[in-house]
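Chemist: next comes the sequence, and after it the predicted model I'd like to discuss.
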Amino acid sequence: MAIEDLSGALATGPNDPDDGSVIRARRVEVFRWSVALGQRVTLLHGVEWRVDPGEHWAVMGPNGAGKTTLLNTVAGLLRPADGTVRFNGADITGAEPADLVRAGLALVPEHRRIFKDLTVEENLRLGGSTLRLHQRVSRVYEMADLFPVLRAKWSTSAGFLSGGEAQQLAVARALMCDPKLLLLDEPLGALDRKLREHTQFELVNIQERVGTTFVMVTHDQEEAMTMASRLAVMNFGRIEQVSTPAGMYEYPASRFVAEFIGATNIFEGRIASQDEGEGTVRVYCDALGSEILARHADPIPVGTPVAVSVRPEKIDVHETRPEADNVAMGRVAEIAYLGDVSIYQVKTPAGAVIRVQETHIVRSSEPHYDWDDTLYLSWEAGSAVVLPT
């Protein structure tokens, strides 16, 4: 499909007039999208997805979930076997990558697209090669304002940049043509932890300033939770859940999402009773040898197999038995001291192992509890999430 065949909604590009008449908002919608490798392997299964203008999305999932396949298909590098993708209402399913770039899409691949033997400024000018000369000069100076780190290295060869500086240069080059949608594949994957944390906040600030819609693929959960306003978790070529970072963490829709996002304790059991007036259920758990009280407003038949998720930080630790919605007793089996927190694995008499996280508020050279200490663990009904098995 040539660019002329696309809807007029995509007619704006880098040579648009500067009279404010150009509508810069872009929406991406994916309808029942499937991607196959040959005739036997399906990489994406009926994916439906919508990205609104100005959002910062992170697509997460284990290796082989289909994250990069989804990104590359939006960028036109792969063709879907069926389904459509719309960009601001126009069907761009069969458009060529070069046409999509002119229409306002840009991709920053996992392996940075920069020229190491050219200076920072020369790299930026090449990134704006489709612009008119006066627009390119103006845009280069805009990038200098957006990326102060690059401004300080203006005449430095890209091969001498640090990992964080090189990553910012790759993003700046992609922004040279003022894309309406920027796709990023593992943008910070090659950086060490401290540099990654610093660059995360810089990219968030840049995205807020330019207003470009960002969609990034990442395997780093902390990176996704820090940078994105919306998350999509994928598994086996399907989108399991879409939500905000807080919504994804606190209200997972499935056991897979609960276990994939952060750490959690999973207790398998079956519904013992439900109090619809209180909006609670009791779940009998064999591994605990007792019932768990959980908030759950939707009707669910007694005897239904379920899984209950309780995050480690939601669990309080006591040396004597407390009065609480849920109480379990056990002995400390494992301890991990991580500096800011200690992780305890507590084994109950029935054989369940419960992970507990204790924040170090007071300075101490030793964990608060020791191996084989008997502890009581408690958590509120609202901290337990009932999930289908």
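Modeler: Done, it's in.

Chemist: who's in contact with the residue lying farthest from the centre of the chain?
Modeler: Among the C-alpha atoms of the chain, the one farthest from their average position, using CA atoms, centre = their mean, is that of residue 320, at 39.9 Å. Counting by CB atoms under 8 Å, 6 or more residues apart in numbering, residue 320 touches residue 376. For glycine as for every other residue, the C-beta is placed from the backbone atoms N, C-alpha and C.

Chemist: distance of it from residue 375?
Modeler: Taking CB to CB, to the nearest Å as the measure, residue 320 and residue 375 are separated by 10 Å.

Chemist: residue 107 too?
Modeler: Distance of residue 107 to residue 375, given as CB to CB: 51 Å.

Chemist: could you do residue 106 as well?
Modeler: When CB to CB is applied, the distance between residue 106 and residue 375 equals 53 Å.

Chemist: if we can go back for a sec, name the element the residue farthest from the centre of the chain belongs to?
Modeler: In this assignment (DSSP states H and E), residue 320 forms part of neither any helix nor any strand.

Chemist: just how off-centre is the strand or helix carrying residue 182 within its chain?
Modeler: Assigned by DSSP H and E, residue 182 falls within strand 181-185. Here the centre of mass of C-alpha atoms in strand 181-185, compared against the chain's by CA atoms, centre = their mean, to the nearest Å, lies 13 Å away.

Chemist: ok, then the element right after it?
Modeler: Note on strand 181-185: by DSSP H and E, the next helix or strand toward the C-terminus is helix 193-210.

Chemist: which strands and helices sit next to that next one?
Modeler: helix 133-146, helix 163-175, helix 221-227 (3 or more CB pairs under 8 Å, 6 or more residues apart in numbering; DSSP states H and E).

Chemist: can you check which of those helices gets nearest to residue 63?
Modeler: When those are compared for distance to residue 63 using CB to CB, the nearest one is helix 221-227, at 14.0 Å.

Chemist: hmm, who's touching the closest one?
Modeler: Counting contacts by CB under 8 Å, 6+ apart, the residues touching helix 221-227 from outside are 56, 58, 60, 188, 196-197, 200-201, 203-204, 216, 218, 231, 245, 249, 260-262.

Chemist: next one: stretch 125-143
Modeler: Against stretch 125-143 from outside (CB under 8 Å, 6+ apart): 13-15, 101-102, 115, 118, 121, 124, 150, 172-178.

Chemist: I'd like the helices and strands packed on helix 193-210 as a markdown table, with distance to residue 48 appended.
Modeler: As requested, those are exported to a markdown table (distance: least, CB to CB, whole Å):
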| stretch | distance to residue 48 |
| --- | --- |
| helix 133-146 | 34 |
| helix 163-175 | 27 |
| helix 221-227 | 20 |
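
Chemist: check the ones you listed for me and report the most buried one.
Modeler: Scoring the helices and strands packed on helix 193-210 by mean neighbour count under mean count of other CB atoms under 10 Å gives helix 163-175 as the most buried, with a mean of 22.

Chemist: now for that one, which elements pack on it?
Modeler: strand 105-108, helix 120-127, helix 133-146, helix 148-151, strand 181-185, helix 193-210.

Chemist: circling back: the strand holding residue 182 packs against which elements?
Modeler: Secondary elements touching strand 181-185 (3+ CB pairs under 8 Å, 6+ apart): helix 67-74, strand 105-108, helix 163-175, strand 213-217.

Chemist: at 7 Å instead, please
Modeler: Contacting strand 181-185 under the criterion 3 or more CB pairs under 7 Å, 6 or more residues apart in numbering; DSSP states H and E are the following elements: helix 67-74, strand 105-108, strand 213-217.

Chemist: mind putting these in CSV, mean neighbour count included?
Modeler: Below are the helices and strands packed on strand 181-185 laid out as CSV (neighbours: other CB atoms under 10 Å):
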stretch, mean neighbour count
helix 67-74, 22
strand 105-108, 23
strand 213-217, 26
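
Chemist: redo the ones you listed as a markdown table? Include distance to residue 280 and mean pLDDT.
Modeler: Below are the helices and strands packed on strand 181-185 laid out as a markdown table (distance: least, CB to CB, whole Å; pLDDT from 0 to 100):
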| stretch | distance to residue 280 | mean pLDDT |
| --- | --- | --- |
| helix 67-74 | 37 | 86 |
| strand 105-108 | 47 | 88 |
| strand 213-217 | 39 | 92 |
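
Chemist: want to throw these into a markdown table with distance to residue 350?
Modeler: As requested, the helices and strands packed on strand 181-185 are arranged in a markdown table below (distance: least, CB to CB, whole Å):
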| stretch | distance to residue 350 |
| --- | --- |
| helix 67-74 | 39 |
| strand 105-108 | 50 |
| strand 213-217 | 41 |
